[in-house]
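Visitor: starting from these lines, generate the structure:
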Amino acid sequence: MALNQGVDLYPCLLPTIVPGNAVILQNGKICLSLLSCMLSPYPNISLSLSLIQRSQGCYTTLHWCLNPSRVNNMPDPPIYEERLTSSFTADFFGLLTILFFALFIWRASLGDAGFLSILSLCLFLIFLFYSLNYRVLRIRLTPQVLTLRFGIFEWDVPVDGIRSCSIDETSPWRIGGAGIHFSFFKGNYRAMFNFLEYSRVVLTLKQKRGPVCEIAFSTNQPEQVIHVLTKIILEKRAA
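Guide: Numbers count the residues shown, from 1 in each chain. Sure, this is the predicted structure:
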């Protein structure tokens, strides 16, 4: 049955269709395309249609139920989300990309296939990747995990594995630039997801992830991030 078709039915014999006993009618018919759109945010709901033959005619029954396999695979709803961008970083990496591309074209036009041409090409490709990959830092916090994503790179930090969180007071000159960096700070090896013009939150892990024992990331709302994280951590300790 095509989704854009309607099915004849008698309103007085309608079963429960969607949670809340909502009934969708279009000129005495149920519009399956409309029903599909309304249920699209609920991928854990399974639907089935059955036609029941009666002496008075043909009636339609629509059944819905929760699919346990889909429920278990559904991600936790986020408590906090943030999408961070930096025009300074985008312009800086873009300028370097254009610069080394122009240098490569210039050397190639001279027939030079030596070290300088190869270096210019490599640097052009590196900064082209930086320009595309480090455009947006996405932060997503659920009761179970904090996810940091920079382009193709993603780092999940289980909330149960966070010992403490605080505002990072490290100077931007000490960090080493925008993007993802790794360095020692006061004897602790730290992973950093950052843009230089924003404040940062640093997390201390209960157990190391490889050599990493701290994770820092930029955010436009460090106080709110710390408040939400601290609340979750305290609730889990009290549970």
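Visitor: just the strands in the protein please.
Guide: Secondary structure of the chain by DSSP state E: the strands cover 6-8, 29-31, 45-54, 57-66, 80-85, 136-141, 145-150, 153-158, 162-167, 179-185, 188-194, 199-209, 212-219.
Visitor: name every strand pairing with the fifth one and say which way it goes.
Guide: The reference is to strand 80-85. Looking at strand 80-85 with DSSP bridges, its paired strands and their directions are strand 136-141 (antiparallel).
Visitor: nearest to F127, out of the strands of the chain?
Guide: strand 179-185 (11.0 Å; Cβ to Cβ). Glycine gets a C-beta too; all of them are placed from N, C-alpha and C.
Visitor: who does the closest one touch, helix- and strand-wise?
Guide: helix 172-175, strand 188-194 (3 or more Cβ pairs under 8 Å, 6 or more residues apart in numbering; DSSP states H and E).
Visitor: can I get these in JSON lines including mean neighbour count?
Guide: Output for the helices and strands packed on strand 179-185, formatted as JSON lines (neighbours: other Cβ atoms under 10 Å):
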{"stretch": "helix 172-175", "mean neighbour count": "12"}
{"stretch": "strand 188-194", "mean neighbour count": "22"}
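Visitor: lowest-confidence stretch among the ones you listed?
Guide: Taking each of these in turn, the one with the lowest mean pLDDT is helix 172-175, at a mean of 79.
Visitor: using PDB, write out every CA atom in that one.
Guide: Extracted C-alpha coordinates of helix 172-175, given in PDB (Å, rounded to 0.1, in the frame of the first residue of the first chain):
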ATOM      1  CA  PRO A 172      46.200  30.600  24.800                       C
ATOM      2  CA  TRP A 173      49.900  31.000  23.900                       C
ATOM      3  CA  ARG A 174      50.700  27.800  25.800                       C
ATOM      4  CA  ILE A 175      48.000  25.700  24.000                       C
END
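Visitor: elements contacting it?
Guide: Where contact means 3+ Cβ pairs under 8 Å, 6+ apart, helix 172-175 is packed against strand 179-185.
Visitor: the strand it packs on pairs with which strands?
Guide: Partner strands and pairing direction for strand 179-185 (DSSP bridges) are strand 188-194 (antiparallel).
Visitor: could you report the neighbour count for A108?
Guide: Here the neighbour count serves as a burial measure; for A108 (other Cβ atoms under 10 Å) it reads 13.
Visitor: who's in contact with it?
Guide: For A108, the residues meeting the contact criterion (Cβ atoms under 8 Å, 6 or more residues apart in numbering) are S117.
Visitor: surely F195 meets I180?
Guide: No. Under the criterion of Cβ atoms under 8 Å, F195 is not in contact with I180, lying 11.3 Å apart.
Visitor: mind listing what's buried in the longest helix along the chain?
Guide: Longest helix in the chain, counting residues (DSSP state H): helix 87-109. Neighbour counts using 16 or more other Cβ atoms under 10 Å place T89, A90, F92, F93, G94, L96, T97, F100, F101, L103, F104, R107 of helix 87-109 among the buried residues.
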